[in-house]
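1. structure of the sequence below:
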Amino acid sequence: MYKAASSGLFRARHPSASSALRFSSFASPSLTRSLASPSNFRVLPSAARSVAFSRSCSSFFPRSRVSLSAGSRSGWRSPIFSSAQIRGSAAVNSLFSRKMATVATENAFNSILTGLPKPGGGEYGKYFSLPALDDPRIDRLPYSIRILLESAIRNCDNFQVTKNDVEKIIDWENTSPKLVEIPFKPARVLLQDFTGVPAVVDLACMRDAMNKLGSDSNKINPLVPVDLVIDHSVQVDVARSENAVQANMELEFQRNKERFGFLKWGSTAFQNMLVVPPGSGIVHQVNLEYLGRVVFNTNGILYPDSVVGTDSHTTMIDGLGVAGWGVGGIEAEAAMLGQSVVEGQLIIFEALDCIPMSMVLPGVVGFKLTGKLQNGVTATDLVLTVTQILRKHGVVGKFVEFYGEGMGELSLADRATIANMSPEYGATMGFFPVDHVTLQYLKLTGRSDETVAMIEAYLRANQMFVDYKEPQKERVYSSYLELNLTDVEPCISGPKRPHDRVPLKEMKADWHSCLDNKVGFKGFAVPKESQEKVVKFDFHGQPAELKHGNVVIAAITSCTNTSNPSVMLGAGLVAKKACELGLQVKPWVKTSLAPGSGVVTKYLLKSGLQEYLNQQGFHIVGYGCTTCIGNSGDLDESVAAAISDNDVVAAAVLSGNRNFEGRVHPLTRANYLASPPLVVAYALAGTVDIDFEKEPIGTGKDGKSIYFRDIWPSTEEIAQVVQSSVLPEMFRSTYEAITKGNPMWNQLTVPVTTLYSWDPKSTYIHEPPYFKDMTRSPPGPHGVKNAYCLLNFGDSITTDHISPAGSIHKDSPAAKYLLERGVDRKDFNSYGSRRGNDEIMARGTFANIRLVNKFLNGEVGPKTIHIPTGDKLYVFDAAMRYKTEGHDTIVLAGAEYGSGSSRDWAAKGPMLLGVKAVIAKSFERIHRSNLVGMGIIPLCFKPGEDADSLGLTGHERYTIDLPSSVSDIRPGQDITVVTDTGNSFTCTLRYDTEVELAYFDHGGILPFVIRNLSSSNH
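-> Residues are numbered from 1 along each chain as shown. All right, here's what the predicted structure looks like:
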């Protein structure tokens, strides 16, 4: 059982135009990013490459300087990301007219700059030594906080980062409960193509806006190093075929040629971004196996790697001891453009390659692991258990740091699995400090011995390395948890949420409870008399049948698990044993295997296990996220018809990290997360309605019953295959190959221009209307007058419910739009692949077929009631009718509104629909930030209140009065909402900082950035 108890990137100061910042290299070929050249935003070259970067920087000339005295204020504080004070746009803009006499060029902590000697003589470089501070408080700091401390010390110029900031972090034990703000400089930014395409669309559109305002459009360039991995576009159109990889990639390029060409255009038009071509792997696995440095060496200065990414599962890199977490796409775009908040003022820089992000110094939950996993228990079982524990404990906005003697029993891949699911348990990070296991993994994945030696030497010297062979100094945590790994048992999670863990031995009983329960997270409300209904149908001339709980999708997918050789080879061993016993997956089950990198293919082939996976239908279908993000492709028409025509509660079993309603496939109402070996086992059983301990999976070739225990491999069996099959050369050869791209990518030709030529007929890339008729002066804040309620929600509305995701339903407004423009249904592609077209994304907002809207009185689907007429319409159609009639709209919601993936379209879409405000019990952190970024007013009901307790039905009209001047509004102030029925209630305005009020004044974060870049005289 578990126990609970309470309790960046180095910047050269004045680099010359010819100077270079050189990043330490692993043993791979070299890649350069020149800030002086447009080719800086570029595709990986075909030449051999290294994880090292060399970047020529234009000279930085010190300009205006402002006082950085920190302001204090009362009221609401954001739990993790925040911004320091400014007051209104006039104050912001005035910063750019002030001139600086000097800029601090001396680091305030140069006295602790220490050389790190090499064993054979010489030195690796110099580093800012934490032990040299001789402060006993540092010994008690969590390792994750030490990374923040080192960054603050290294970048302390008493301008962007002050000595006071350093003291706040050293005194973490006392300051973190006070939610103090600190600056942090991450070393890099990570994107995948779903978030990358709209980011580049926005950058291109912003260039046009700058051009129309008569300003220099070339000011719109990423200033922070960015890696973009194309991994979200491949779909499982072809499965159960030796040719599936090639066939799916050809279809991927047919559908996405325009998107890919657009990204390739960006590679010549913008600076400082790296594109990894499609077919290379999943972004987080590539980051783990290849891009992650652990320690940088820049100009002879050593410091820890760190990263922020626009995908919430950026946290996977925490398993490698690299501090990384997710941020909103809109927030990241602003960060790329150099928008930053620094201790009391907002400043926009053009010449700095990395500026601090402001964050609240987080609490850290210490999670002690003891014991050892039992035989047959997987890392997936462990992460689902950890997710449930941490979700119950409450870790939103906090770091979680793992420690204890049990750490030595977990492989690096096991740790990465746990870190990957940080968003599911709600933490900003799930951090594993570097130890001997980390060093072994670095060598396994092809990093050179010299690089690994440098990493170990630096981290040991700077008190950031854990050696469990030595006595451990006591560290202080905000709260404590403990789990004995021996207590972890096989389990899965579902049917609708990743933290609803079900022990495998209880699965059959839990399934029947779900059938009985009313519709909800654990219920389908299937009448007793129809629970055993059998639907017979013809599958390509073969008799077939379906029942509630039958598995129709079984997918080994997602970087959460495909990065872990033990569970991948374990799945192969299950397939092998099943083949030898004569078991076979039913042909109407859509099976697929989508590795997160080519390394997986190499070790499955070397072990000889891919052959058995193929025999069970688990052919490799591509290298990308596939089923985990809804790119599961169509079910066979006969299967789809059997489900739809008979209202069958069909199941999907996948090795992913998300199973929210409507995400995996529109026709699988029950979706379970499981380890890859369990995915194969459930595919063989053909149903989730089974007790694996008591009921046979099937009948073998000898006529005997085959049980789960007969096909399940032991931990020792798996370890032996891992030892003999997973080799360093596999990683080296795989990542040398991705630098060459692939023939389809290399054949794309695009024009070399700085402004994009928008094609009005395009259904993939469309110029968004964000800056239409934009003026130099901000429009000022807006209230809401007599608005109608567009949607009335309960709790836990996720970004999967809000944001367009997965396949485009044939009867949806988006499908109608595409059909009207001559796009065949087979070419609809997914919503994610069309994120560069605002017309489609607006139509796909709130289009989830599992959307529960109180207006529909229990009916589930993407529709709402147009209040004035009572007509039931698609949400998009209702929104457009309101806009045509000149009416504002709002959304009512419950707790945890916007949880799930950090999708920027979950904020952009409602803005395009005309939503002016969202009133909820609580917001997910990144989603609230994105709403602010798009100019939507976020309001929170007072504690203990919600729409129901206030007697709100949603049929009222709502007025939210706000001052006409932003200087009269305060972060977190009380706002009165009045309805036309005479109801009046008070809400908290969730603009949490003065900076967010400045965004509101400008109509959003991107117009704010454009106006300031346009008006500044850099």
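
2. quick one: mean pLDDT for stretch 741-755?
-> Across stretch 741-755, pLDDT averages out at 90.

3. now that stretch: buried residues?
-> Neighbour counts over stretch 741-755 (16 or more other CB atoms under 10 Å) mark 741, 744-745, 748 as buried. Every residue, glycine included, has its C-beta placed from N, CA and C.

4. how about those, which pair is most distant?
-> 741 and 748 (9.5 Å; CB to CB).

5. quick one: average confidence on the lengthiest strand in the chain?
-> Determined from DSSP state E, the single longest strand within the chain is strand 784-792. Average pLDDT, strand 784-792: 97.

6. next: stretch 512-520.
-> The pLDDT scores in stretch 512-520 average 96.

7. list the buried residues for that stretch?
-> Those would be 514-515, for stretch 512-520 by 16+ other CB under 10 Å.

8. ok, now stretch 389-404?
-> Per 16+ other CB under 10 Å, stretch 389-404 contains these buried residues: 389-391, 393, 395-404.

9. centre of the chain to that stretch, how far?
-> Centre-to-centre, stretch 389-404 and its host chain are 18 Å apart (CA atoms, centre = their mean, to the nearest Å).

10. what do you get for stretch 975-989?
-> That offset, for stretch 975-989, works out to 35 Å (CA atoms, centre = their mean).

11. now swap in stretch 294-311 and tell me
-> 20 Å.

12. and the contacts of the longest strand of the chain?
-> By CB atoms under 8 Å, 6 or more residues apart in numbering, the list of residues contacting strand 784-792 from outside reads 846, 853-855, 864, 867-868, 875, 878-879, 882, 887-892, 913, 915-917, 937, 947, 953-960, 980.

13. do stretch 536-545 as well
-> Contacts of stretch 536-545 (CB under 8 Å, 6+ apart): 534-535, 546, 586-588, 636, 638-639, 641-642.

14. change it to 10 Å
-> 534-535, 546, 550, 586-588, 636, 638-639, 641-643, 645-646, 686 (CB atoms under 10 Å, 6 or more residues apart in numbering).

15. give me the number of residues near the spatially closest residue to residue 838 that is not a sequence neighbour?
-> Leaving out its chain neighbours, the residue that sits closest to residue 838 by CB to CB, 6 or more residues apart in numbering is residue 768, at 4.3 Å. A count of nearby residues for residue 768, using other CB atoms under 10 Å, gives 21.

16. quick check: residue 768 vs residue 697, distance?
-> 51 Å (CB to CB, to the nearest Å).

17. name every strand pairing with the longest strand of the chain and say which way it goes.
-> Strand 784-792 sits in its sheet next to strand 889-892 (parallel), strand 957-960 (antiparallel), going by DSSP bridges.

18. list the buried residues in it.
-> With burial defined by 16+ other CB under 10 Å, the residues of strand 784-792 counted as buried are 784, 787-792.

19. show me where the stretch 801-950 of the chain has its helices.
-> Counting by DSSP state H, counting those that start in this stretch, the stretch 801-950 of the chain has helices at residues 813-820, 838-844, 875-884, 905-913, 925-933.

20. using PDB, list the CA coordinates for stretch 873-890.
-> C-alpha atoms of stretch 873-890 as PDB (Å, rounded to 0.1, in the frame of the first residue of the first chain):
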ATOM      1  CA  LEU A 873     -28.400  22.800 -34.000                       C
ATOM      2  CA  TYR A 874     -24.800  21.800 -34.400                       C
ATOM      3  CA  VAL A 875     -22.800  24.000 -32.000                       C
ATOM      4  CA  PHE A 876     -21.100  25.800 -34.900                       C
ATOM      5  CA  ASP A 877     -24.400  26.500 -36.600                       C
ATOM      6  CA  ALA A 878     -25.900  27.900 -33.400                       C
ATOM      7  CA  ALA A 879     -22.800  30.100 -32.800                       C
ATOM      8  CA  MET A 880     -23.000  31.400 -36.400                       C
ATOM      9  CA  ARG A 881     -26.700  32.200 -36.000                       C
ATOM     10  CA  TYR A 882     -26.000  34.100 -32.800                       C
ATOM     11  CA  LYS A 883     -23.200  36.100 -34.500                       C
ATOM     12  CA  THR A 884     -25.500  36.900 -37.500                       C
ATOM     13  CA  GLU A 885     -28.100  38.100 -35.000                       C
ATOM     14  CA  GLY A 886     -25.500  40.300 -33.300                       C
ATOM     15  CA  HIS A 887     -25.500  38.400 -30.000                       C
ATOM     16  CA  ASP A 888     -22.500  37.700 -27.700                       C
ATOM     17  CA  THR A 889     -22.300  34.200 -26.200                       C
ATOM     18  CA  ILE A 890     -20.800  32.700 -23.000                       C
END
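
21. so for it, what's the average pLDDT?
-> Here the average pLDDT along stretch 873-890 is 97.

22. how near is the closest residue to residue 112 other than its chain neighbours to residue 646?
-> Excluding the flanking residues, the one nearest residue 112 by CB to CB, 6+ apart is residue 132, at 3.8 Å. To residue 646, residue 132 is 72 Å away according to CB to CB.

23. equivalent analysis for residue 173, please.
-> Counting by CB to CB, the gap from residue 173 to residue 646 is 60 Å.
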